[in-house]
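Engineer: The following block contains a protein sequence and its predicted model.
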Amino acid sequence: MKFTRLALAATLVATSAGFAGSAFAQEQFIPLLSYRTGAYAPNGIPWANGKQDYLKLINERDGGINGVKIAYEECETGYATDRGVECYERLKSKPFVAAVDPQATGITFALTEKAPVDKIPLITLGYGLSIAKDGNAFQWNFPFMGSYWTGADILIQHLGKKAGGLDKLKGKKIALIYHDSPFGKEPIPVLQQRAKMHGFELQLLPVTAPGVEQKATWLQLRQSRPDFALLWGWGVMNSTALKEAQATGFPRDKLYGVWWAGAEPDVRDVGEGAKGYQALALNGFGQGTKVSQDVLKFVHDKKNGTGPRDEVGSVLYTRGMIISMLTVEAIRTAQEKFGKGKPMTGEQVRWGYENLNLTEARLKELGFDQVMRPLKTSCNDHMGSTWARIHTWDGKKWNMGSDWYQSDDKVIEPLIKEHSDKYLADKKITRRTECK
């Protein structure tokens, strides 16, 4: 469908992005899939706000990326896969689409076969397909900073450390309470592998989405009396689980969440009842970080914040900023090769994603030095970093642990190779060979 110049201008003015500058200038477009409604909205809203505010910061403070302004448009998915695909199909036709953050594992699965055809990279920070770390098998997927496999591996390492060594897990029982969806099922292969290695019993307890009814699950848990329980939840499922743990007397200090079950919305309503609960921390947070201070100064002080001011620096808001920062830096990296001051195509941004090198010095320049560890990608490694910490809820706030954990490649890499080979064979796709 062709637009007249007048129609195009009207469309650009109407978008939630508010394209900066001339409607006909060449901007870099970033689709923003989000969910501000439904059972997952309390978690989805700060995530979406962080993504959008960082783009506003780049436009306001820096004038764009080497002079290229960023345009964006939100599309509400309600965390539903079909609506996520509809959003993707509608927004992918915009000029100079950089990348898409599906913001849901189910939507990621649905878009993984579409992305190579459309030549649009998918950024899935801390979620999505765990095997997509293999850049030669999944050339368009970028699960930055960790996957559900690396998270599961780190949690078992932590439990082993608490027990006095991984060998001390032998004979123990570990329960996985998981969202009965692609997201919740992702960590199972790694946990099963670790169970074989260390001799612990793995109990699998699925929870029907969205997770507001868990009484039967916690009755099972009370009967089986596991030594530890892992919570693989999202949205309302997390606070419900913590309330059920309190009601059934399950010790909160024996309950450990994935990094999507370790944010303020998960514990705020439970308060003291969640004291002692621990969760993976994929990123640092707080309003004292340099990037949060810049957002407050250049975005919120100018009355242009997407959400409330006190949300800036929260766990999921900060994670949203990281996602947008990685895309901005991929565009910047691509411009070094393909032309400064020009908007990049999806293929060029993919090259940027594959050639990120965020050193400690560069993270400090960007204001993210207290937020994340250095990250370096390649065409082989689409993850770039697999570090995480554990933080603990004290009844009022999260307290960050000092120990950094890194997933064990000896456990993860053979599983990635096995499962990615199977995926390629099933889909009749050839592995990329020119990347060495």
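Structural biologist: Nice, thanks for sending it over.

Engineer: residues touching Val258, list them.
Structural biologist: With contact set as CB atoms under 8 Å, 6 or more residues apart in numbering, Val258 has these partners: 148, 151-152, 155, 187, 230-233, 279-280. For every residue, glycine as well, the C-beta is placed using N, CA and C.

Engineer: nearest to Lys428, of the residues you listed?
Structural biologist: Nearest to Lys428, judged by CB to CB, of those is Tyr148 at 26.0 Å.

Engineer: so who does the closest one touch?
Structural biologist: 127, 130, 183, 186-187, 190, 232, 258.

Engineer: For it, which non-adjacent residue is spatially closest?
Structural biologist: Glu186 (3.7 Å; CB to CB, 6 or more residues apart in numbering).

Engineer: just Trp149 next, same as before
Structural biologist: Ser130 (3.9 Å).

Engineer: can you list the weak-confidence ranges in the stretch 101-250 of the chain?
Structural biologist: For the stretch 101-250 of the chain, applying pLDDT under 70 flags no range at all.

Engineer: ok, which stretches of it are strands?
Structural biologist: Taking DSSP state E, counting those that start in this stretch as the test, the strands found in the stretch 101-250 of the chain are 122-123, 141-142, 173-179, 201-207, 228-232.

Engineer: got TSV for these, with distance to Asp53 and mean neighbour count too?
Structural biologist: Listed next are those as TSV, based on distance: least, CB to CB, whole Å; neighbours: other CB atoms under 10 Å:
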stretch	distance to Asp53	mean neighbour count
strand 122-123	17	26
strand 141-142	22	28
strand 173-179	28	24
strand 201-207	32	17
strand 228-232	28	26
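
Engineer: want to throw these into JSON lines with distance to Arg431?
Structural biologist: JSON lines is the format used below for the strands of the stretch 101-250 of the chain (distance: least, CB to CB, whole Å):
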{"stretch": "strand 122-123", "distance to Arg431": "18"}
{"stretch": "strand 141-142", "distance to Arg431": "14"}
{"stretch": "strand 173-179", "distance to Arg431": "30"}
{"stretch": "strand 201-207", "distance to Arg431": "31"}
{"stretch": "strand 228-232", "distance to Arg431": "30"}
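
Engineer: now for those strands, which one comes closest to Arg90?
Structural biologist: Among the strands of the stretch 101-250 of the chain, the nearest to Arg90 by CB to CB is strand 122-123 (16.3 Å).

Engineer: what helices or strands is that closest one leaning on?
Structural biologist: Packed against strand 122-123, as judged by 3 or more CB pairs under 8 Å, 6 or more residues apart in numbering; DSSP states H and E, are the following elements: strand 141-142, helix 315-338.

Engineer: Would you state the helices of the stretch 251-400 of the chain in chain order?
Structural biologist: If you assign secondary structure with DSSP state H, counting those that start in this stretch, the helices in the stretch 251-400 of the chain sit at 264-267, 290-295, 315-338, 346-354, 360-366.

Engineer: Adding distance to Gly164, write those helices out as CSV.
Structural biologist: Conversion of the helices of the stretch 251-400 of the chain to CSV gives the following (distance: least, CB to CB, whole Å):
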stretch, distance to Gly164
helix 264-267, 28
helix 290-295, 38
helix 315-338, 30
helix 346-354, 41
helix 360-366, 33
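
Engineer: just so I know, which of the ones you listed lies nearest Leu55?
Structural biologist: Each of these has some distance to Leu55 by CB to CB; the shortest is helix 315-338, at 5.4 Å.

Engineer: pull the CA atoms of that closest one into CSV?
Structural biologist: Extracted C-alpha coordinates of helix 315-338, given in CSV (Å, rounded to 0.1, in the frame of the first residue of the first chain):
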residue,chain,number,x,y,z
VAL,A,315,14.3,-3.7,38.7
LEU,A,316,12.1,-4.2,35.6
TYR,A,317,12.3,-0.5,34.5
THR,A,318,16.1,-0.8,34.6
ARG,A,319,15.9,-4.0,32.6
GLY,A,320,13.9,-2.2,30.0
MET,A,321,16.5,0.5,29.7
ILE,A,322,19.2,-2.1,29.2
ILE,A,323,17.2,-3.6,26.3
SER,A,324,16.9,-0.3,24.6
MET,A,325,20.6,0.6,25.3
LEU,A,326,21.8,-2.7,23.7
THR,A,327,19.7,-1.9,20.5
VAL,A,328,21.0,1.7,20.5
GLU,A,329,24.6,0.5,20.8
ALA,A,330,24.1,-2.1,18.1
ILE,A,331,22.9,0.7,15.8
ARG,A,332,25.9,2.8,16.8
THR,A,333,28.2,-0.1,16.1
ALA,A,334,26.6,-0.8,12.8
GLN,A,335,26.9,2.8,11.8
GLU,A,336,30.7,2.6,12.3
LYS,A,337,30.7,0.0,9.5
PHE,A,338,27.9,1.0,7.3
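
Engineer: Noted, bye for now.
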